[in-house]
Every structure is written in C-alpha cells, then in structure tokens.
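*Asks:* no letters, just coordinates:
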C-alpha cells in the first residue's frame with residue numbers, strides 16, 4: 001500500500017498541518033451515507049416489533065458510523081485513483097489534507113466501534129451483518145472488484161444493500177424474506193443508478209484506469225444494461241404487495257414510480273450522446289434514481305405505519 005501513502009501526502013506540506021474536523025467528516029462520504037441511513041431506518045420502521053427510541057437511535061447511529069467507516073477505508077485504499085479524477089481530486093487524501101495512516105486508523109476505529117456497539121446495545125445478528133457490510137464494501141468491492149472487472153458495481157451493489165438487513169435484524173434479531181426483498185431492491189437499483197453516473201463520468205474513469213462498463217464495453221452496451229436492470233428492478237419493487245407483505249397503497253406507488261423509472265431508462269437506452277454536455281437523459285435518470293429509492297422506502301413505511 002506504499003503508493004497510497006505517497007499519493008495521499010504529495011501536496012507539499014505535511015498532511016496533518018491542514019487537517020480539521022471537516023476533512024475527517026469528508027472521509028465519511030456523507031452524501032452517500034444519507035441514503036444508506038434512510039433505507040436502513042425504513043427497514044427498522046417496517047420490521048415487526050418495536051425498539052425503545054434510544055435503542056432505535058443507537059442502531060441507526062451505528063449503521064451510519066459503519067457506513068462512514070467503509071467510506072473512509074475506501075478513500076484510504078483509492079487515494080491514488082481519486083487523485084486522477086476531477087470528481088474526487090479534492091478529497092482529503094489526494095488533496096494532501098490527511099495522511100494515509102490517519103484515514104486508515106479512523107476507518108478501523110469507527111468500523112470496529114460501530115459493530116461492537118450495535119452488538120452490545122441490540123443484538124449480535126445485527127452486528128454480524130454490519131461487519132459483513134463493511135468488509136464487503138472494503139474487501140470485495142474496493143480491493144477485489146473495482147480495479148479488475150466491469151461487474152464491480154453489479155456485485156458490489158450488495159454493499160449498499162446490507163444496511164437494510166442490519167436495520168431489520170436490529171429490531172427482530174433475524175432476517176426473513178421481506179428483509180431480503182428490500183436487499184434485492186437496492187441491489188438491482190445500484191447498477192442503473194451508478195451506470196447513469198458512469199456514462200457522463202466515463203472520461204474520468206478511463207483516465208484513472210477503472211474498468212467501469214462504459215470504459216470496457218462502450219456507452220451503447222452500458223445503456224442497454226441500464227434498461228435491462230431497470231426491467232428486473234421494477235417487478236421486485238412490487239413483490240411486497242403481491243406477496244401480501246404490503247398494501248396496494250405501497251404497490252400503487254411502486255408501480256407509478258417504476259413506470260417513470262422505466263421511461264427514463266428507455267430514454268437513456270435511446271440516447272446517442274458521447275459527451276457529458278449532451279447527456280441530459282443520463283443525468284436526469286441519475287438524479288431521479290436517488291429520489292426514486294427514497295420515495296419507495298418512504299412509501300413502504302407509510303403503508304406499514306400510517307395506514308389502517
């Protein structure tokens with residue numbers, strides 16, 4: 001890992017001279033963390049049973065801290081390629097604001113602390129899946145897949161889906177089929193969501209040597225895969241209603257949102273733009289996909305808690 005430390009601290013003065021709380025906060029990938037926390041909290045709300053508000057808060061906090069730990073360890077390992085991409089060049093490590101060892105220690109402490117805390121405060125089933133989520137994101141996605149295969153996002157999508165399993169297990173101590181359906185929704189949502197971003201960031205990924213699908217298989221194939229995964233995703237979002245796990249209030253929302261998602265994915269599949277400036281459909285799908293997942297999980301909570 002010596003190349004990581006060198007690349008992360010090459011910006012002149014010692015990294016620690018410039019570090020403050022905002023740099024450590026940036027290591028947590030707070031924007032990415034927000035949706036992870038929200039979906040996990042929704043899983044906790046939908047799971048049968050109840051928790052004392054303080055225990056529920058503790059569970060959500062532990063999942064948030066674990067997600068931040070995974071983000072910090074991801075940035076520690078990827079400091080070299082982050083330095084090559086416009087989107088990530090200003091992160092604390094490539095910008096020289098933190099030393100690699102500081103980021104590594106920060107991530108390890110947060111990760112182990114969050115797993116231990118959720119185990120002690122709630123249950124060890126939730127702790128097990130929380131540990132799996134961190135290790136999967138760091139070891140499977142970041143270390144093994146991202147630099148080796150264009151399937152990195154497909155397989156690595158599980159990392160963002162495990163928090164809903166953690167949230168459910170925090171309440172019930174088990175992981176039934178409903179929890180795994182929620183896992184599957186996020187798992188299938190990740191490729192079209194991330195590939196939409198990868199299309200207009202293709203030049204950055206190519207420069208960094210990251211084998212994202214637009215780099216290895218071209219933009220037309222990426223657009224075809226976005227549409228394919230969208231067609232797999234939408235029926236799964238309706239499954240909770242079809243299986244009697246949710247009412248048609250949720251099912252109708254899933255169908256409506258899914259129709260919009262499929263229409264946007266279809267527009268992306270018909271696009272021939274090759275530069276970011278012309279990729280309006282791709283940018284629209286990427287932005288909507290964030291709202292789509294949030295509204296879908298929010299509707300599930302409303303269906304379970306607010307409707308008679």
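*Replies:* Cool, the structure landed. The structure displayed is predicted, hence computed values, not measured ones.
*Asks:* for residue 85, see how far away residue 221 is.
*Replies:* 22 Å (CB to CB, to the nearest Å). Heads up, the C-betas are built off the backbone N, CA and C, glycines and all.
*Asks:* lowest average confidence across helices and strands of the chain, where is it?
*Replies:* Every helix and strand of the chain was ranked by mean pLDDT, DSSP states H and E. The lowest is helix 2-8, at a mean of 40.
*Asks:* how far does the helix or strand following it sit from its chain's centre?
*Replies:* Once the chain leaves helix 2-8, the next helix or strand it forms, by DSSP states H and E, is helix 21-27. Here helix 21-27 is found 19 Å from its chain centre; the criterion is CA atoms, centre = their mean, to the nearest Å.
*Asks:* list of residues touching the very next helix or strand once past helix 21-27?
*Replies:* The element immediately downstream of helix 21-27 (helix or strand, assigned by DSSP H and E) is helix 30-46. Contacts to helix 30-46, defined as CB atoms under 8 Å, 6 or more residues apart in numbering, come from residues 51, 56, 59-60, 63-64, 67-68, 71, 160, 163-168, 170-171, 178-179, 182, 186, 290, 293-294, 297-298, 300-301, 304-305.
*Asks:* give me the more crowded residue out of residue 221 and residue 85.
*Replies:* Using other CB atoms under 10 Å as the criterion, residue 221 and residue 85 rank with residue 85 on top: 18 against 13.
*Asks:* and the contacts of helix 30-46, which of them are buried?
*Replies:* For the contacts of helix 30-46, a burial check counting by 16 or more other CB atoms under 10 Å picks out 51, 56, 59-60, 63-64, 67-68, 71, 160, 163-168, 170-171, 178-179, 182, 186, 293, 297-298, 300-301, 304.
*Asks:* and the helix or strand residue 108 falls within, what does it pack against?
*Replies:* Element membership of residue 108, judged by DSSP H and E, is helix 100-121. Using 3 or more CB pairs under 8 Å, 6 or more residues apart in numbering; DSSP states H and E, the elements in contact with helix 100-121 are helix 2-8, helix 21-27, helix 53-77, helix 124-135.
*Asks:* list the contacts for the residue most central in space within the chain?
*Replies:* By CA atoms, centre = their mean, the chain has its centre lying nearest to residue 160, at 3.9 Å. Residues counted as contacts of residue 160 (CB under 8 Å, 6+ apart) are 36, 137, 186, 190.
*Asks:* tell me how far the helix or strand where it lies lies from the chain's centre.
*Replies:* Per DSSP H and E: residue 160 is located in helix 152-172. Chain-centre distance of helix 152-172: 9 Å, with CA atoms, centre = their mean.
*Asks:* mean confidence score for that helix?
*Replies:* Helix 152-172 shows a mean pLDDT of 93.
*Asks:* okay, buried residues for the helix or strand just after that helix please.
*Replies:* Counting by DSSP H and E, the next helix or strand C-terminal to helix 152-172 is helix 177-200. Buried residues in helix 177-200, counted by 16+ other CB under 10 Å: 178-179, 181-200.
*Asks:* how near is residue 65 to residue 161?
*Replies:* Per CB to CB, residue 65 is found 18 Å from residue 161.
*Asks:* what does residue 51 give?
*Replies:* Residue 51 is 22 Å from residue 161, where distance means CB to CB.
*Asks:* what is the nearest of the contacts of residue 160 to residue 118?
*Replies:* residue 36 (14.5 Å; CB to CB).
*Asks:* tell me the pLDDT of that closest one.
*Replies:* pLDDT recorded at residue 36 is 91.
*Asks:* dump the helices and strands packed on helix 100-121 into CSV; add distance to residue 272 as well.
*Replies:* Converted to CSV, the helices and strands packed on helix 100-121 look like this (distance: least, CB to CB, whole Å):
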stretch, distance to residue 272
helix 2-8, 37
helix 21-27, 36
helix 53-77, 33
helix 124-135, 38
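*Asks:* and of those, who's closest to residue 267?
*Replies:* Nearest of the helices and strands packed on helix 100-121 to residue 267, taken as CB to CB: helix 53-77 at 31.3 Å.
*Asks:* packing partners of whatever helix or strand comes next after that closest one?
*Replies:* Reading on from helix 53-77 to the C-terminus, the next helix or strand found by DSSP H and E is helix 79-82. With contacts defined as 3+ CB pairs under 8 Å, 6+ apart, the secondary structure elements packing on helix 79-82 are helix 2-8.
*Asks:* can you list the domain ranges for the chain.
*Replies:* 1-123, 176-308 (automatic domain parsing).
*Asks:* who touches the residue nearest to residue 198 when sequence neighbours are not counted in this structure?
*Replies:* In space, and not counting its chain neighbours, residue 198 is closest to residue 212: 4.5 Å by CB to CB, 6 or more residues apart in numbering. Residue 212 makes contact with 150, 152, 153, 195, 198, 201, 202, 205, according to CB under 8 Å, 6+ apart.
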